[in-house]
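S.K.: coords please:
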Amino acid sequence: MTVSVINSLLVTEPLKVVVLTFIVSLIFKKPIEEDEKEEEETITKEQIVIDIEDEDSDVEKEASLSDTTRTRELEIQMKRVLHEIGGYFILLLILLTIVDNNADINKRYLHQTILNVLVDTSPSFRTISNTATVFEWMNGVLLPSIYPRTSEYGTKLKPDELNFLDTSRNFRIGPARLRQLRISPDECEVPYTMVGKVRDCNVPYSIPREEDGHFGVGWSSSDGAVNNSSPWVFRSAFDLGSIPTTCEFATYGGGGYEAVLGASLEEALNITNYLFENRWIDQYTRGLFIEFTLYNAQVNLFTYAMLILEYPPGSAVATSMSIQVFRLYDFMGGVFYVILLMLAHTVYALYLLYNCFKIFQALRFDGKQYFGPFWNKVDFCQTFIGITLVVMYLLRYVVTQVNAKTLANRNGTDFVNFQYVAFLNELYTLFIGFIIFSEVIKFLRLLRFNRRIGMLASTIQYAATALIPFSLLFAFALVAFASFGCLIFGTMIGHYRSFIPSFETLLQTFIGKFYMVDLNESLIGPVYFVLFSIVCFFILLNMLLSIISDAFAQVKDDVSKQSNDYEIVDFMKQRFRDNLRRLFKKIKKKLGIRTKSKTNTGKTMEKTKQEETEEKMEEVIMKLNTLIEKADGLNRRPRCESQTSSQIVQERKDTIDEASRSNVPGTSQTSSEIDEGLDDTSQTNTDPRIK
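M.R.: Residues are numbered from 1 along each chain as shown. Here you go, the predicted model:
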């Protein structure tokens, strides 16, 4: 008994414990390892899913960042475009205000008044043919008109009304003046066969051949005494305050022999009779200028009139005229108008200063590259001419003040020349016209956002390389025909009397103004016209159209040659619609108006939602397929793979349900169908990895 207990205690029971422990360890060892491995596989797959989602989120973040950057760039560009458009219209409004002060419809009527009173009369200024008719017209038309004695009703004028040209409207500033330009005698070379047969020979006028000597009465030799008020004494352009004048036959200097007609009609008639009797106009006279100045207080306009009589050596008298109507006192009128005008001038001067600074900075950093773009050249020219415009305005103001002071000191008895003021005003008007023209042309720059206008601009730019040599060819052809026409038809047809009128006549044919009847006077005229039509119309114009058509086709086919400014227009439209929609929502919210829900959507919106849903489903399926491929290497046993595939199918369902809840409405209808497809896939999928 004792031996049995000791044997059981020391040998049998410990052995049983050891054997039992070994058996238990053998039974439970492998399942523990499989659980650990399955846990590791599950953790690894979850990490793969997280990694895929992280990669997708990174891609989405990059795409979102790119969209945000592009949107911000479009917003900056939109602000720049809006600032450009706003600044353009403000500047255009300022320029139009300045132009409106100079462009007055009354100028046309004042100009027509001078023509009706002095030119288109009987006898007419245009019919003057010799010296006798010159003085006849002066005494019969000119002097009674500018020195009136009676009104249009036949009543005698009062003393304070004698200086008005017509019915107390146009006031004559000082007396009128006659100015003559002559040539020196014996300047012409006579052929030896005609020597002794020709009494004298006179040359055409030119400034170097101008007579500048002092004479006595009747162009006799001077006795040495010089009287500056004498009509026989030459005075320089500086003394007379005149500038050179270009006319039909020559350009005449500003000096000459002056005869002031006096302050009354009697005095003026006495002077003209004195000049006629002493042959003040003779065979050496080449130009006679009749000058006077008027002022109309009703419309605040000055009128400087110059009636010109030219005496070419080989023909009769040629008449022409220069009538300039201008405004010297700008800041007159209503208070608000004066303030607006002063503000416009001030703002434009500040704009010029700002533009000068901007151009200076651009030239400093970019150098000659600044003049590359076409619109930079336009801005530079506008700024330069704007500065010149300001200089002309200040100079005109100074000269006006000097003339007004001179007129006040002389008490209206001496002639005060407004020709220089009129010339400065003409330059001022020319420059401001160029500025307003170029500013309106810049409107095409704003139209570059229109696709068709942009294509036209690109077409001209693309065709420029071919248009330059074509322009030279076209100019050579016109010069050739103009020279030929001047040589052949110059003596018979007035339109071809010299090269410039011939060139102008040929240019007028391109706008449909033909002078075929005049060409019939010559035998070669019809041949000349037919040849010109064939060369210029049938050949050169068709070449021009071909160049432009080819360039347009190239620009239309090649997207790289078209401008890329259309995206900003779409962005601005969309932003405007969004802001307008938000504004309406705020208004409805404040007014308490409920927005009716739309039950029926349009076909276009429905199609768009369906396309978005299909794209999102394809993305989800692609992501799940990528997940399966990455998890494929971790699946070792069929049982575990079966469990993993069911989990993946469940994950597909959860992802699709989440996408259907978070995306466009209408996706939930498709998700149930996809759930059924996924269930069928889990049951019937023949892929060996999921079996």
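
S.K.: Distance-wise, check the spatially closest residue to Val399 that is not a sequence neighbour relative to Met455.
M.R.: Ranked by C-beta to C-beta, 6 or more residues apart in numbering and with sequence neighbours excluded, the top spatial neighbour of Val399 is Val421, at 5.2 Å. Every residue, glycine included, has its C-beta placed from N, CA and C. To Met455, Val421 is 48 Å away according to C-beta to C-beta, to the nearest Å.

S.K.: quick one, which of these two is more surrounded?
M.R.: Val421 (25 against 16; other C-beta atoms under 10 Å).

S.K.: roughly how far apart are that one and Met306?
M.R.: Remark: distance between Val421 and Met306 (C-beta to C-beta) = 13 Å.

S.K.: Ala132 too?
M.R.: From Ala132 over to Met306 the distance is 22 Å, taken as C-beta to C-beta.

S.K.: higher neighbour count, these two?
M.R.: Met306 (20 against 11).

S.K.: any idea which element that one lies in?
M.R.: strand 301-310 (DSSP states H and E).

S.K.: Kindly report the same for Tyr295.
M.R.: Using DSSP H and E, the element containing Tyr295 is strand 285-296.

S.K.: tell me what that strand is packed against?
M.R.: helix 106-114, strand 170-172, strand 177-182, strand 251-252, strand 301-310 (3 or more C-beta pairs under 8 Å, 6 or more residues apart in numbering; DSSP states H and E).

S.K.: Pick the most deeply packed of the ones you listed.
M.R.: Neighbour counts (mean count of other C-beta atoms under 10 Å) averaged over each of the helices and strands packed on strand 285-296 peak at strand 177-182, with a mean of 24.

S.K.: Which neighbours in the sheet does it have, and how are they oriented?
M.R.: Strand 177-182 has its sheet partners listed here by DSSP bridges as strand 256-260 (antiparallel), strand 285-296 (antiparallel).

S.K.: So which of those strands is nearest Arg209?
M.R.: Between Arg209 and the strands paired with strand 177-182, the tightest spacing by C-beta to C-beta is seen for strand 285-296, at 9.1 Å.

S.K.: So what's the gap between stretch 417-426 and the chain middle?
M.R.: 29 Å (C-alpha atoms, centre = their mean, to the nearest Å).

S.K.: try stretch 93-109
M.R.: Worked out by C-alpha atoms, centre = their mean, stretch 93-109 lies 20 Å from the chain centre.

S.K.: same thing with stretch 120-132?
M.R.: The chain centre lies 46 Å from the centre of stretch 120-132; the measure is C-alpha atoms, centre = their mean.

S.K.: What residues sit buried inside that stretch?
M.R.: Under the neighbour-count criterion of 16 or more other C-beta atoms under 10 Å, stretch 120-132 has Thr121, Phe125, Ile128, Thr131 buried.

S.K.: that older thread, the residue nearest to Val399: helix or strand, and which one exactly?
M.R.: Counting by DSSP H and E, Val421 is part of helix 419-441.

S.K.: One more: Thr413?
M.R.: Using DSSP H and E, no helix or strand contains Thr413.

S.K.: just checking, it touches Ala263?
M.R.: Yes - counting by C-beta atoms under 8 Å, Thr413 does reach Ala263; the two are 5.6 Å apart.

S.K.: who touches both of the two?
M.R.: Listed as contacting both Thr413 and Ala263 by C-beta atoms under 8 Å, 6 or more residues apart in numbering are Pro175.

S.K.: between these two, which one's more packed in?
M.R.: Just comparing Thr413 and Ala263: by other C-beta under 10 Å the higher neighbour count belongs to Ala263, 18 against 11.

S.K.: Got the confidence number for that one?
M.R.: Note for Ala263: predicted pLDDT of 85.

S.K.: wait, doesn't it sit right on Phe415?
M.R.: No - counting by C-beta under 8 Å, Ala263 stays clear of Phe415, with 10.3 Å between them.

S.K.: Find the residues that touch each one of the two.
M.R.: Any residue near both Ala263 and Phe415 by C-beta under 8 Å, 6+ apart counts here, and that gives Pro175.

S.K.: The stretch 1-150 of the chain: helices as residue ranges?
M.R.: 2-7, 13-102, 106-114, 131-137, 143-146 (DSSP state H, counting those that start in this stretch).

S.K.: which other residues reach the last one?
M.R.: Outside of helix 143-146, the residues that reach it under the criterion C-beta under 8 Å, 6+ apart are Val117, Leu118, Leu165, Asp166, Arg172, Ala176, Leu261, Leu265, Ala268, Leu269, Thr272, Phe292.

S.K.: Looking at the buried residues of stretch 120-132, which is nearest Ile511?
M.R.: Phe125 (30.6 Å).

S.K.: so the closest one makes contact with Thr319?
M.R.: Yes - contact criterion C-beta under 8 Å: Phe125 and Thr319 qualify, at 5.9 Å.

S.K.: Now list whatever residues contact both of these two.
M.R.: In contact with both Phe125 and Thr319: Leu307, using C-beta under 8 Å, 6+ apart.

S.K.: Show me the helices in the stretch 251-400 of the chain, by range?
M.R.: Counting by DSSP H, counting those that start in this stretch, the helices of the stretch 251-400 of the chain are 265-277, 335-366, 374-410.
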